[in-house]
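Asks: Got a sequence here, can you build the structure:
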Amino acid sequence: MATFLEQRLRTGVGPVHVNRFRTRITPRAGMILPSGADLANKMVSFMNPDTATVHADRRRWNSAPTLVFRGVARVRPFIALAGLPPIPLPLPQGLEKIGVPRIVRDWMIPDIHTDTVGIANLSKHAFTVQTLRRQFETVDDRRIRTAIQYILVPELAGLIGGLFAKISALVFADQISKPLADYAIMINQYHFLAGRRSFRIGTAAEFGEKGAGWIFETAAVERYSHEAFRKMTETAMGGANAAVTPVWTQMGARVANTYGTMIGSVEAHHTEIGNVGAVAGNALYRSIATHHAALLP
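Replies: A predicted model of the protein is given here:
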């Protein structure tokens, strides 16, 4: 079995989200444009840990290490409250906008979802990642299995035990805990989005703008990878755009601080397209594709 499966755009669900986040930078004296490989290697430092973190994983895809994001899909699947089964707990959207310190997030409930990407394309001053679905279990997955086996299912068995007095609640729990946990873990192994995201840095002139500054830009063509993530994200987080905007705007600011000073604020553009076939003809996508050619494989 392959370690990862590509989550191609066509395999996702719902409308296609096209977005672009552009950061203008006045570089410090003596700075030279970083390579695409340099950008990829610096992803850990570019991410705001109060919004999302990333680390390079030893497991490889496309002959390169994968990147594992934690905190982008910021809904905690389970929380154990005294006397109650685990319930979904989204973080308040007001907190999402400003970022939630890790110590607070972890106190509210351990984060048990990560999103994995692999480098699909690497060029002189850019790289593009493909969202991936894991085909192996992690410590996070084992936490889900434990929560279902020892908390959720026994609680449910106790609630319906009176209706099936002849059936032991423990037998009932044992029979359904594994398939229920298998399904929950299968969902958890998806990246919450299907598609690709590109990261590029260059001179203003290379992006068709005037001036002697630099531009850093990240752009994506993506949609939900699974119906479960579509419902969860739109209900609890205000949709995919609301979920990813804090991550990439804060990244743009940190990239600017790494190489110089940010000019103004991060410029964001996004749109939704009804189906995959209409993406290539969309005006925003065409303007993005000029600098991010590998977004549609």
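Asks: quick one: stretch 36-53 to chain centroid distance?
Replies: Taking C-alpha atoms, centre = their mean, to the nearest Å, the mean C-alpha location of stretch 36-53 is offset from the chain mean by 13 Å.
Asks: Report the buried residues of it.
Replies: Across stretch 36-53, burial judged by 16 or more other C-beta atoms under 10 Å covers Gly36, Leu39, Ala40, Met43, Phe46, Met47, Asn48, Asp50, Thr51, Ala52, Thr53. Bear in mind the C-beta positions are built from the backbone N, C-alpha and C, glycine included.
Asks: taking those one by one, which sit in strands?
Replies: Thr53 (DSSP state E).
Asks: The protein: strands as residue ranges?
Replies: 4-6, 13-27, 53-61, 64-70, 75-76, 89-90, 114-123, 126-134, 193-203, 214-224, 260-273.
Asks: Mind putting those into CSV with distance to Asn241?
Replies: As requested, those are exported to CSV (distance: least, C-beta to C-beta, whole Å):
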stretch, distance to Asn241
strand 4-6, 23
strand 13-27, 6
strand 53-61, 20
strand 64-70, 17
strand 75-76, 16
strand 89-90, 16
strand 114-123, 16
strand 126-134, 16
strand 193-203, 11
strand 214-224, 10
strand 260-273, 5
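Asks: from the buried residues of stretch 36-53, which single one is nearest Ile273?
Replies: Ala52 (25.0 Å; C-beta to C-beta).
Asks: still on that earlier bit, out of the buried residues of stretch 36-53, which two sit at the greatest distance?
Replies: Every pair of the buried residues of stretch 36-53 checked by C-beta to C-beta; the farthest is Gly36 and Asp50, at 26.7 Å.
Asks: Count residues in the vicinity of Leu295, would you?
Replies: Residues lying near Leu295 (other C-beta atoms under 10 Å) number 23.
Asks: I figured it was touching Phe127, is that so?
Replies: No: counting by C-beta atoms under 8 Å, Leu295 stays clear of Phe127, with 12.0 Å between them.
Asks: so what's Val247 closest to, chain neighbours aside?
Replies: Distances taken as C-beta to C-beta, 6 or more residues apart in numbering place Ala52 nearest to Val247, at 4.9 Å, with adjacent residues excluded.
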